[in-house]
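A.B. asks: no sequence on this one, just coordinates:
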């Protein structure tokens, strides 16, 4: 796909509504006030010379989140760069104005909006950069430059997540911007990136609701589980990667209905080929891009963190199906099978865990010799025999399964420690 600043000639920008239809507001006077002294001194106007310095912790964290440190200007250099950004903004507005002998030029406008956003980035102006990124993305969408538009929307969402806005507004803005990014990727046929953006949109609905670092929601019995809207969005994103007809754990989905469900007509006979056609459509739409399973595994671990084990098993089945479609024996597939077994045991269903272990997992000959297979088999045997001593030996840090346990995600490893010989996995602290 194209990633340049321009697009095809002709045509106007995509019509928009609300705040996005208007040009970004001019910078406030406070933004160009007296020079701000930082420990790093005043850097040059171009941002290339001088050491510069971060004016706040938030600016430093924002720079880290964007993939590296970015110099934040201060003093006279910042004032000069703010004037330059305002000039770009004025040129963008002029490019979008209609005259007697001229028409709006969204290609030029998007370029000027992007330059203004880059200038505001050097000044550490989160809100102004965010608004100009959105304006640039809207102009690019109107010219079918979908890759550039998606990148601008994603950057704007990242800025919104670390802004000073209330958490409620952060959730709304980030979800909208990531959804727009997913739509842009979908327009150019990049379903893998569209699925990743949809997953980011779902995760953004948890901003301000997530537990502290290293703390699981199940460790706080009085706290509610994951927000239902966020849970529904995550499950929709999971089905975007692996349609429900291909997921053997589709019955564990807790919200909504599958987009591939066969509709039964109120009158007349049912099409006998409807299910077969829907299955073929599901196979065509399954995302098989490299590392697509890693995006789904992020959902698995997030759901485990909140104690949503049925949905976690649903997502684990989707990730395993993506890996199975490649028809390659990899360590990722072995870990995916082991994840399914652990979550099923955490749900207290040793019968299903044993069934899928025998009928599905062991059909991959490479899985038989893996460490994960031994761990899964030992866990099933201990729970099936209700042998608490064998269960403790299986998950011991000094036992024969220590290597397999060490390679698990920390949240999944914590779940192994809470599996019981009967019933669902206990909460942390014995609750």
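C.D. replies: That came through, no problem. All values derive from a computational prediction rather than experimental measurement.

A.B. asks: what number of residues lie near residue 330?
C.D. replies: Using other Cβ atoms under 10 Å, residue 330 is surrounded by 12 other residues. In this view, the C-beta of every residue, glycine as well, is placed from N, C-alpha and C.

A.B. asks: per-residue confidence for it?
C.D. replies: Per-residue pLDDT puts residue 330 at 82.

A.B. asks: what's the answer for residue 420, then?
C.D. replies: Reading off the model, residue 420 has pLDDT 89.

A.B. asks: That one: what secondary structure?
C.D. replies: coil (DSSP: H, G, I helix; E, B strand; the rest coil).

A.B. asks: Between the two ends of stretch 324-332, how far is it?
C.D. replies: 10 Å (Cα to Cα, to the nearest Å).

A.B. asks: tell me, what residue is most central in the protein?
C.D. replies: The centre of the chain sits closest to residue 200, judged by Cα atoms, centre = their mean, with a distance of 2.4 Å.

A.B. asks: Secondary structure element for that one, which one?
C.D. replies: Element membership of residue 200 [criterion: DSSP states H and E] is helix 191-204.

A.B. asks: residues in contact with the residue nearest to the centre of the chain?
C.D. replies: 154, 157, 174, 178, 181 (Cβ atoms under 8 Å, 6 or more residues apart in numbering).

A.B. asks: Hmm, the last one is touching residue 197, no?
C.D. replies: To tie it back to what came earlier, the one meant is residue 181. Yes - counting by Cβ atoms under 8 Å, residue 197 is a contact partner of residue 181 at 4.3 Å.

A.B. asks: Overlap of the contact sets of these two?
C.D. replies: Common neighbours of residue 181 and residue 197 (Cβ under 8 Å, 6+ apart) are 150, 154.

A.B. asks: okay, now residue 262: neighbour count?
C.D. replies: Residues near residue 262, counting by other Cβ under 10 Å: 14.

A.B. asks: before we move on, what about residue 288?
C.D. replies: Neighbours of residue 288 under the rule other Cβ under 10 Å: 15.

A.B. asks: Can you give me the distance of it to residue 401?
C.D. replies: From residue 288 across to residue 401, the span is 32 Å (Cβ to Cβ, to the nearest Å).

A.B. asks: Likewise for residue 336?
C.D. replies: 17 Å.

A.B. asks: Which one of those two is surrounded by more residues?
C.D. replies: residue 336 (25 against 21).

A.B. asks: Could you give the backbone dihedrals for that one?
C.D. replies: Main-chain dihedrals, residue 336, degrees, to the nearest 10: phi -70, psi -40.

A.B. asks: who are the neighbours in contact with it?
C.D. replies: Contacts of residue 336 by Cβ under 8 Å, 6+ apart are 293, 297, 316, 319-320, 323.

A.B. asks: wait, doesn't residue 173 sit right on residue 153?
C.D. replies: No - Residue 173 is not in contact with residue 153 according to Cβ under 8 Å; the separation is 10.7 Å.

A.B. asks: if you count what's nearby, which of these two comes out ahead?
C.D. replies: residue 153 (28 against 21).

A.B. asks: I figured that one was touching residue 136, is that so?
C.D. replies: No - at 9.5 Å, residue 153 does not count as touching residue 136 under the criterion of Cβ under 8 Å.

A.B. asks: centre of the chain versus the helix holding residue 200, how much separation?
C.D. replies: Distance of helix 191-204 from the chain centroid (Cα atoms, centre = their mean, to the nearest Å) equals 5 Å.

A.B. asks: and if you look at stretch 377-387?
C.D. replies: Between the centre of stretch 377-387 and the centre of its host chain there is 36 Å, according to Cα atoms, centre = their mean.

A.B. asks: show me where pLDDT drops low in the chain?
C.D. replies: Applying pLDDT under 70 to the chain flags the ranges 1-70, 211-225, 268, 329, 426-431.
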